[in-house]
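> predicted model and sequence follow; I will ask about them next.
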Amino acid sequence: MNLARLFAVVLSIAGMACAQQSDPGSKPSVFLENKAKPPKPSNSRTILGVVKDASDNPARSAIVQLKNTRTSKVVDFATKDDGKYAFRELYLDVEYELLAKRGDIVTPLKKVSPYDSRKEVTINFKLEPVAKQP
């Protein structure tokens, strides 16, 4: 009787070994999708634009000043050859004041309100000498 039991154990072990070495084509296909998380909505804004001179050419080396009216912090940006500027990662709930200047020419102040819900605000400046009043 021990021989019959031993034969049954050997057969069951051989059966399990054959099941593990089965054809890889017969295995079920499993696809795991690695979906990226959707980007979180940005809680910041960008203010950008171009500074031009009186002849409508890009104003190189003009200074654009951005003032955070909550903290009164002022940040300056010097334009490059193309006259472009950009302030990124700004708070949506803060009012900002901007102006551009070069030499003794200063543009009028422009404001971006916290009630303006745009994430990207474009403000262009034109440097024009102010006519002196007699």
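Now that the structure is in, tell me what you want to look at.
> and the strands in the chain?
44-52, 63-68, 74-78, 84-91, 96-102, 105-106, 110-112, 120-122, 125-126 (DSSP state E).
> what's in contact with the second one?
By that I understand strand 63-68. Contacts of strand 63-68 with the rest of the structure, by Cβ atoms under 8 Å, 6 or more residues apart in numbering, involve 47, 49, 51, 73-79, 85, 87, 90-91, 94, 96-102, 125. Quick note: C-beta positions are derived from backbone N, CA and C, even for glycine.
> with the third one instead?
The set of residues that contact strand 74-78 without belonging to it, under Cβ under 8 Å, 6+ apart, is 61-68, 85-87.
> which of the contacts of strand 63-68 count as buried?
Among the contacts of strand 63-68, those classed as buried by 16 or more other Cβ atoms under 10 Å are 47, 49, 51, 77, 79, 85, 87, 90, 96, 98-102, 125.
> on that earlier part again, among the contacts of strand 74-78, who's most crowded?
Among the contacts of strand 74-78, the one with the most neighbours (other Cβ atoms under 10 Å) is V64, at 28 neighbours.
> do I have it right that R102 meets S61?
Yes: counting by Cβ atoms under 8 Å, S61 is a contact partner of R102 at 6.7 Å.
> what number of residues lie near the residue nearest to L98 when sequence neighbours are not counted?
Nearest residue to L98, sequence neighbours excluded (Cβ to Cβ, 6 or more residues apart in numbering): K110, at 5.0 Å. A count of neighbours around K110, defined by other Cβ under 10 Å, yields 16.
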